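*Asks:* Fold the following for me, if possible:
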Amino acid sequence: MVLPDPLALCLSEKGLLHLSKLSYYGLYNPAGCPDPFCRQSSLSLTYTHPFMLYQYACCRRRDMYERAELSCGTYEVVATKEYFARPAMPVIHVFLMDVGHAAVASGATAATCQCIEQVLDALQGGDNTLVGIVTFDSNVHFYNVTKDQTQPQMMVMADVADVYAPMSSQLLAKLSDCRGQLAELLSSIPTMFAAAQGPESCAAAAIEACVELLKPTGGKLHAFVASLPNHGSKALKMRDGSATNIGDKEKQQALLAQDNTYYTLASQAADYNVCIDVFLLPQAYIDVATFSSLTNTTGGSLYHYLPFNPLMDQDQLLNDLKWNVSRPQGLEAILRVRCSAGIDVESYVGSFYKPPTSPTDLYLAAIDCDKALVAKLVMTEKLSPNSEVYLQCALLYTTTDGARRIRISTLALPVSDQMGAVFKGADLDTQLASLTRQVAVTLPGGMTGAGKELILARITGILSAYRKYCATSSSSVQLILPEALKLLPLYSLALQKSPLLRPDVRIDERSLWIATMVSASCPRTLGLLHPRLFAVHQLIAAGSMPPAGHLPEQLVLSSEVLDQGGVYLLDNGADLLIYMDQEANDKLVQDVFGMPNMEALLRAPQPLPVIQQDNPASRLLFELLTALRLSRCAFMRLRVAKKGDPYYPLFVNMMVEDRSTAGMSYVEYLCHVHRQIQDKMS
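*Replies:* Residues are numbered from 1 along each chain as shown. Take a look at the predicted model:
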């Protein structure tokens, strides 16, 4: 604020300060104005500068709703040249494909080529988009594609122990000029490597070579890997922690990255704004924990299809890849969180790179709409009640159109010394996301029992504080829950029964959950922990879906609500499971699955595809599937869960309110939490 010289002011008889005709201007509002940006004063000013457009009655700018920075909590501005360390990077996609014997034999190579060819038109960036194709088996193969060549030129890197990359200008083709040549190359790759032999896979060396290729420009690397890297630079060893002859400590150690050089490689990639997405298409163990260090450090995404079956998984792979390249996202981003006096940022959890030389900034080679960061705040001094604290997040990034922008989000929070106000404003989704990430980051190298104790201690601490400060008049034999957090015990039980902490989970599955939960948004976290259950037979009996924008009524996740002869659909945000009771009538089986009766369905081998039939029941089922997929922004593979098959235990484990090998029932857990609170209060 710039105030005029006192000599230029004169106090009128009515007690008003008037500005002289000098070019002074500032912010000055009368006392009692509700605007938080008003300065407290018993005087008012008359402004002559055209920038200051105030309504004198409420002291607000007349144009505040025309200016985003005055009326919006989040807004964007175009970055000036001072924010350009170099020209904005173009949109570059390098597709790295496994063409080894295991990938070709399982159909992963052919499925990958078909999916990439189908998403080329969905790539962002317009006419300036650049695309590179690289393959690997025991060697790494680069392809030079130009519009003047009738056939691409292949360059082979045989020395996979000392990785390098040819000049990027020779290997990155302009999509608008070479769309046809790229499609022909992708269609020919499965035939070129149809006779591939040998178990060697140099996947890690190939990823390193692609990072070297992208260092001059930055960009996105999409790596499709079908087997464990066992050859060349950064080769890994088989260390499946699900073996029965090792202890819990060894199993938890398998959640750590096997080789620290993967993190070093990811740090180098992040330094050069290279984002790594990894699509794992194995038939067995592939060490997800080690691969996750590549994606979490560079802001990439990790996908896992086990065991990969083109018949069941190719649609999922296609949709995952298409959403990955077309979703709202930014490149070469830098993020900083600022706080007002009295609070500070202690730490962050999420997918980012924090260089040792930058104490305040987070570097994100790519950032997208599916990820979220958690910033842990700490109080550095006592705050005054009835005041406000301010948080501001500034994100500098490049759009896929090549524009450099700054997105600013500002939040004002009231300070209160009343515990009731704190609990009234509590956010359940944020509490759960923070707790889940805290458990996820402590699991590698730790123990699952410690994770469960952490959850129980957090829940007990929160609810005992509410009982002590907000519900002292209630009977001690009652479990009192705050209204905003009344589902916290249910979600905490679901977290304990999730693959993060369940004892019967493969090590790769647990590692995938850790990598996912570390950066998942709040809606995705809740969906994975507490699925949605729908009664399909009731929907079929009703004859139609609910009105547009609505889903059928959700059921409690308990076997007590399952009707004899019913059909149920369970959605957890990652997979869809359809379960049919053994007493279902033959017509329902035939309408939904195309099988003559339940006996034929039980004998059918897995994987069992569910194909839409020409009848009202099947059409309603697929209408529901479409609605669920749209609500999750995910394709979600459909699996059939029937007794005696691997997917049936998965369905049973998602009934989180039932007692199971993973833990107690919801009612038992509430009693257990109540006893813990009573012990803490006594």
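
*Asks:* Now do A341: how many residues are near it, please.
*Replies:* Neighbour count of A341, defined by other C-beta atoms under 10 Å: 10. Where C-beta positions appear, they are placed from N, C-alpha and C, glycine not excepted.

*Asks:* Please tell me how far it sits from H530.
*Replies:* Distance of A341 to H530, given as C-beta to C-beta, to the nearest Å: 39 Å.

*Asks:* for D344, same thing?
*Replies:* On the measure of C-beta to C-beta, D344 and H530 end up 33 Å apart.

*Asks:* And those two? Which one has more around it.
*Replies:* Taking other C-beta under 10 Å, D344 and H530 do not tie; H530 has more neighbours (22 against 14).

*Asks:* Leaving out sequence neighbours, find the closest residue to that one.
*Replies:* In this structure, H530 finds its nearest non-sequential neighbour in A494, 4.8 Å apart by C-beta to C-beta, 6 or more residues apart in numbering.

*Asks:* isn't that neighbour right next to L528, touching?
*Replies:* No. Using C-beta atoms under 8 Å, A494 is not in contact with L528; the gap is 9.1 Å.

*Asks:* so how far is T217 from D271?
*Replies:* Relative to T217, D271 is positioned 13 Å away (C-beta to C-beta).

*Asks:* what's the neighbour count on L413?
*Replies:* L413, neighbours per other C-beta under 10 Å, totals 12.

*Asks:* repeat for R327
*Replies:* Number of residues near R327 (other C-beta under 10 Å) recorded here: 13.

*Asks:* and what of S201?
*Replies:* 28.

*Asks:* got a list of what it touches?
*Replies:* Residues near S201 by C-beta atoms under 8 Å, 6 or more residues apart in numbering: 98, 100, 102, 136-138, 225-231.

*Asks:* secondary structure class for E82?
*Replies:* Following DSSP: H, G, I helix; E, B strand; the rest coil, the label given to E82 is helix.

*Asks:* Per-residue pLDDT of it, please?
*Replies:* Note on E82: pLDDT of 82.

*Asks:* For R405, see how far away it is.
*Replies:* To R405, E82 is 14 Å away according to C-beta to C-beta.

*Asks:* the more surrounded of those two?
*Replies:* The residue with more neighbours, out of E82 and R405, is R405; 18 against 6, by other C-beta under 10 Å.

*Asks:* and that one, what does it touch?
*Replies:* The contact partners of R405, by C-beta under 8 Å, 6+ apart, come to 76-79, 330, 396-399.

*Asks:* export those residues to a markdown table and tack on pLDDT and distance to T264?
*Replies:* Shown next, in a markdown table, are the contacts of R405 (pLDDT from 0 to 100; distance: C-beta to C-beta, whole Å):
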| residue | pLDDT | distance to T264 |
| --- | --- | --- |
| E76 | 92 | 34 |
| V77 | 92 | 36 |
| V78 | 91 | 36 |
| A79 | 89 | 31 |
| G330 | 94 | 25 |
| L396 | 95 | 26 |
| Y397 | 94 | 25 |
| T398 | 93 | 25 |
| T399 | 93 | 30 |
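
*Asks:* which among these end up buried?
*Replies:* With neighbours counted by 16 or more other C-beta atoms under 10 Å, these contain buried members at 76, 79, 330, 396-399.

*Asks:* Which parts of the stretch 1-150 of the chain are helices?
*Replies:* Using DSSP state H, counting those that start in this stretch, the helices of the stretch 1-150 of the chain run over 68-71, 101-106, 108-119.
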